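**Student:** attaching a predicted model along with its sequence, questions to come.
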Amino acid sequence: MDQTASPLPVLESRHVDPHSYPAGVAFLDGQYLPMSEAKISVLDWGFLHSDATYDTVHVWNGRFFRLDLHIERFFGGMERLRMSIPFTREQVTEILHNCVALSGHRASYVEMLTTRGASPTFSRDPRDAINRFMAFAVPFGSVANAEQRERGLHVAISNRIRIPPASVDPEIKNYHWLDLVRGLYDAYDSKAETALLLDFNGNVAEGPGFNVFAVKEGKLSTPAIGVLAGITRRTVFDLSGELGLDCNAVDVSVTALKSADEVFITSTAGGIMPVTKIDGGLIADGKVGPITRKLEKLYWDKHEDPAWSKPVSYPS
């Protein structure tokens, strides 16, 4: 995409919002706006029925990481949900670049989303709704903070069952999070920092916005069923190939996870993050393992690789 083709508009805030919003820029209805001015109707099916799909990508040191994969997954989700927007992949890419450039953030959490929209007559037929696209860029945020990344996250396994794929296709990134949110509160009640849910067979599934990996005798495994195939999860497969590590998507039991040599989680919101305690028990010796650290370093090194990342053209 030619970043010089479309000059960036001048952004002005027209009023002070009484609520607190992160510093950032949104694109909505053809305009770039401060986050505080990006609104949707209370009649939007995305709000009323969680009828929406989205994708998130991050910018690190002024570069998008694996943006093309996120764009493809986003358009695939819209196709499965029978949604359409008046923008091509290239135009969405440009909009995301513009949101980041206008925000000035060198490290940013960037989201693109499409809701079913609202019907002008409040029809109950989803075919009558006008689909609505929006995007935004806010400061980068991570599942794990600096302390947790250093010593490893403390995770609790909730007995909540993740929504089965026969009900909601996990290949469509969605906002059906009530099971995940309840799992989080289960974790907080047990003094843990985040949660993992189970699949319908009682095996480990995923957590709120992240996948999980176990390392045993140098081999990696990650849950295969009922989980979103995250882009960072895919990146771990790619990095494992470069390092000559065996990595497979399989059923992962709770026992297997707790008895692993190393455990880590993966998310666009944080990358590769170690786990050293599950349900109050230590993973191995309770220290972050060497394979986790090696993958984590390689992951962040790839952010400077032109084959994996693309620069944002910021206004001078």
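**Tutor:** Structure's in. What do you need? Numbering: from 1, shown residues only.
**Student:** how close does the closest residue to Ala214 other than its chain neighbours get to Lys216?
**Tutor:** Nearest non-adjacent residue to Ala214, counting by CB to CB, 6 or more residues apart in numbering: Ala260, 3.9 Å away. Where you see a C-beta, it was placed from the backbone N, CA and C, and this is true even at glycine. Noted for Ala260: a distance of 5 Å to Lys216, by CB to CB, to the nearest Å.
**Student:** what mean pLDDT would you report for stretch 247-260?
**Tutor:** Throughout stretch 247-260, pLDDT has a mean value of 98.
**Student:** that older thread, tell me which of Ala260 and Lys216 has more neighbours.
**Tutor:** A direct count of neighbours by other CB atoms under 10 Å for Ala260 and Lys216 places Ala260 higher, at 23 against 15.
**Student:** that one against Leu282, yeah?
**Tutor:** No - between Ala260 and Leu282 there is no contact under CB atoms under 8 Å: 11.3 Å.
**Student:** in contact with the closest residue to Gly271 other than its chain neighbours, which residues?
**Tutor:** The spatially closest residue to Gly271, leaving aside those adjacent along the chain, is Tyr299, at 5.2 Å (CB to CB, 6+ apart). Applying CB atoms under 8 Å, 6 or more residues apart in numbering, we find Tyr299 in contact with 232, 235-236, 239, 271-272.
**Student:** what about 10 Å?
**Tutor:** 65, 232, 235-236, 238-239, 266, 271-272, 308 (CB atoms under 10 Å, 6 or more residues apart in numbering).
**Student:** what do you get for Thr235?
**Tutor:** When contacts are counted by CB under 10 Å, 6+ apart, Thr235 touches 65-66, 69, 266, 268, 271-272, 295, 298-299, 302, 308.
**Student:** how far does stretch 88-101 sit from the chain's center?
**Tutor:** Mean-position distance between stretch 88-101 and its chain equals 18 Å (CA atoms, centre = their mean, to the nearest Å).
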